[in-house]
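>>> Generate coordinates for the sequence data below:
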Amino acid sequence: MKSLFLSTALAALIAGPALAGKAFISNERGNTITVLNTDTWEVETEFFAGNRPRGITASPDGKVIYVCASDDNLVRVFDAETYEELPSLPSGPDPELFILEPSGKRLYIANEDDNLVTVTDTETRMILAEVPVGVEPEGMGMSPDAKFVVNTSETTNMAHFISTEDYKIKHNILVDQRPRYAHYTADGSRLFVTSEIGGTVTVMDIAEDGAPTVVGKISFEVAGVQPEWLQPVGARVTSDGKRLFVALGPANRVAVVDAQSLEVLDYILVGQRVWQLDFTPDEQFLLTTNGNSNDITVIDVAKEKAIKSVQVGQQPWGVVTID
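The predicted model follows:
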């Protein structure tokens, strides 16, 4: 019995304590990253992230956090465990949003001021390509097979489909005014593009060769909310492709949409000026960044209900979660 107890204790010591999940929130005006424990929903710390941090993502293994430091004209890089700053990445001017390929090797960055998408190698820290796109590029999405990157240009009102093989634009699709975000379903069969001023989400079916076809548009209506406040920005779709969640900016709502029928099912009241969204890795919760109330809202995905609000830094913009 004593031997069994010692063996069990030794195994527990080797395994160590269970690591809590984390959410990293970029605070655009506060120039910081807030770190939130997603088990307790308590803020663990806050650290400097450069000037005007906006887009934020994590490496596939969750060990590194990348942040668009827009006013520094670079991507800052941080250790996800120690929060130590690592060597930064070149990004081109005014990086706002980006997308990291599944291998973690190439980062595709929207440069709003120069009308470019910059492709940066995360290992060599070298720029591989600069792809001319429309005016004021912002939103970035990637097909699950990593063959296409989609950039949305705010002033040109287009979604540009860029081949990751040769960095050439293969398709240009007109969408509604001021497109903000592009998001594929997990199986790559459908793409959603939000248009902030147009007040819609353009829905495209994607062929096996990556070619898009517009099949519908989603619009929104909330009693007591002026139509011009219904501004779709961030969006996320569940991995089973059944539910699409859309942040509606100053409407202070997240729309719940049947991602197959495109019917709007409900609106979840969240904080003020909801901007970006991210699921926890198990998709149990959806976190929203609320820029004017300086908080995040935690949504129970299964119940489609807001369950908690947590104060973070000044003007939270982006969020990424890791295990």
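
>>> Now do the contacts for the closest residue in space to V246 that isn't next to it in sequence.
Excluding the flanking residues, the one nearest V246 by C-beta to C-beta, 6 or more residues apart in numbering is A255, at 4.4 Å. C-beta coordinates here come from the backbone N, C-alpha and C atoms, glycine included. Residues near A255 by C-beta atoms under 8 Å, 6 or more residues apart in numbering: 218, 220, 232, 244-246, 248, 264, 266-268.

>>> quick one: A255 is in a helix?
No: counting by DSSP: H, G, I helix; E, B strand; the rest coil, A255 falls outside a helix, being strand.

>>> roughly how far apart are it and T194?
A255 is 10 Å from T194, where distance means C-beta to C-beta, to the nearest Å.

>>> list the residues that contact both of those two?
In terms of C-beta under 8 Å, 6+ apart, A255 and T194 are both contacted by the residues 232, 246.

>>> For D113, give me the pLDDT.
Looking at D113, its pLDDT reads 88.

>>> The residue lying closest to it once chain neighbours are set aside and D71: what is the separation?
Closest residue in space to D113, ignoring its immediate chain neighbours: D94 at 4.3 Å, by C-beta to C-beta, 6+ apart. Per C-beta to C-beta, D94 is found 8 Å from D71.

>>> From one end of stretch 97-115 to the other, what's the distance?
Start-to-end span of stretch 97-115 (C-alpha to C-alpha, to the nearest Å) is 13 Å.

>>> how far out from the middle of the chain is it?
Taking C-alpha atoms, centre = their mean, to the nearest Å, the mean C-alpha location of stretch 97-115 is offset from the chain mean by 12 Å.

>>> Repeat that for stretch 145-162.
15 Å.

>>> do stretch 47-54 as well
For stretch 47-54, the distance to the chain centre is 16 Å (C-alpha atoms, centre = their mean).

>>> what sits up against it?
Contacting residues not belonging to stretch 47-54 are listed as 26-29, 31-33, 35, 67-72, 74, 76, 78, 83, 95-97, 317-318 [C-beta under 8 Å, 6+ apart].

>>> Just the CA coordinates for it, please, in CSV.
Below are the C-alpha coordinates for stretch 47-54, written out as CSV (Å, rounded to 0.1, in the frame of the first residue of the first chain):
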residue,chain,number,x,y,z
PHE,A,47,1.3,44.0,-19.7
PHE,A,48,2.5,46.5,-22.3
ALA,A,49,1.9,45.5,-25.9
GLY,A,50,3.2,48.4,-28.0
ASN,A,51,1.3,51.3,-29.3
ARG,A,52,-2.3,50.8,-30.4
PRO,A,53,-2.5,47.0,-30.2
ARG,A,54,-5.4,45.6,-32.3
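
>>> mean confidence for it?
On average, stretch 47-54 scores 98.

>>> For that stretch, which residues meet the burial criterion?
Residues of stretch 47-54 classed as buried by neighbour count (16 or more other C-beta atoms under 10 Å): 49-50, 52-54.

>>> Check the residue nearest to V246 and give its pLDDT.
Note for A255: predicted pLDDT of 98.

>>> Which positions are bridged to it in the beta structure?
Note on A255: beta-bridge partners by DSSP bridges are V246, Y267.

>>> Any chance of the backbone angles for D72?
The phi/psi pair for D72 (degrees, to the nearest 10) reads phi -100, psi -10.

>>> Looking at the contacts of stretch 47-54, which are in strands?
Counting by DSSP state E, the contacts of stretch 47-54 place 26-27, 32-33, 35, 67-69, 74, 76, 78, 95-97, 317-318 in strands.

>>> Test my guess that R236 contacts T280.
No: when contacts are counted by C-beta atoms under 8 Å, R236 is not listed as touching T280 (11.2 Å).

>>> Between those two, which contacts overlap?
With C-beta under 8 Å, 6+ apart as the test, R236 and T280 both reach L286.

>>> The two: who's more crowded?
Legend: neighbour count by other C-beta atoms under 10 Å for R236 and T280, higher for R236 (23 against 19).

>>> what would the buried residues of stretch 47-54 look like in JSON lines with distance to Y167?
Output for the buried residues of stretch 47-54, formatted as JSON lines (distance: C-beta to C-beta, whole Å):
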{"residue": "A49", "distance to Y167": "29"}
{"residue": "G50", "distance to Y167": "27"}
{"residue": "R52", "distance to Y167": "27"}
{"residue": "P53", "distance to Y167": "27"}
{"residue": "R54", "distance to Y167": "24"}
